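here is a sequence together with a model predicted from it:
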Amino acid sequence: MPVDPVTRAQFRLALYRIEMDWYSLATEIDEGGDRKPVSRARKILRESILTSAEIFTAKRFFLSDEFSLVDCTIAPILWRLPVYDIDLGSQGRVMHRYMDEVFSRPSFQESLTELEQEMRQ
């Protein structure tokens, strides 16, 4: 977390929003169940990621030029997009650049379980 209290507050807010918005939708998709709610969750998650893409253009990583806890929180959701059957398409170019940057980090690659590695093979 950043030392600066304003930036730290921004990070905490981002973490909260990611947990409440993206992770709740991912859980709904993971649990499956009725087809209609899962399709709706996929659509909302995709739109939410795409609408946040502008934030990813300002800095190298999310809200920062340095890799942070927020990136560690976002990366697992983005890694699972193919499993969730979510395609960001050409609108997600910025997100694809970000994902390439994060996913190529040795620390990220080392953190993946065998099951997670198979998600993108």
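In hand now; what should we look at?

mind checking which helix or strand the closest residue to residue 97 other than its chain neighbours is in?
Setting aside the residues directly before and after it, residue 97 is nearest to residue 56 in space (Cβ to Cβ, 6 or more residues apart in numbering), at 7.8 Å. Every residue, glycine included, has its C-beta placed from N, CA and C. Element membership for residue 56, per DSSP states H and E: helix 53-58.

send the alpha carbons of the helix-or-strand element of the chain with minimal mean pLDDT over as PDB?
The weakest-scoring helix or strand in the chain, judged by mean pLDDT, DSSP states H and E, is helix 53-58 (a mean of 84). Taking Å, rounded to 0.1, in the frame of the first residue of the first chain, the C-alpha atoms of helix 53-58 are listed here in PDB:
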ATOM      1  CA  ALA A  53     -10.400   0.600 -18.800                       C
ATOM      2  CA  GLU A  54      -9.800   4.300 -18.900                       C
ATOM      3  CA  ILE A  55      -8.300   4.100 -15.400                       C
ATOM      4  CA  PHE A  56      -5.700   1.700 -16.800                       C
ATOM      5  CA  THR A  57      -4.500   4.200 -19.400                       C
ATOM      6  CA  ALA A  58      -3.400   6.700 -16.900                       C
END
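
which intervals of the chain have sub-threshold pLDDT?
Within the chain, the stretches with pLDDT under 70 are 1-2.

output the contacting helices and strands for the helix or strand where residue 11 lies.
Following DSSP H and E, the helix or strand that holds residue 11 is helix 5-17. Packing contacts for helix 5-17, counted by 3 or more Cβ pairs under 8 Å, 6 or more residues apart in numbering; DSSP states H and E, involve helix 69-79.
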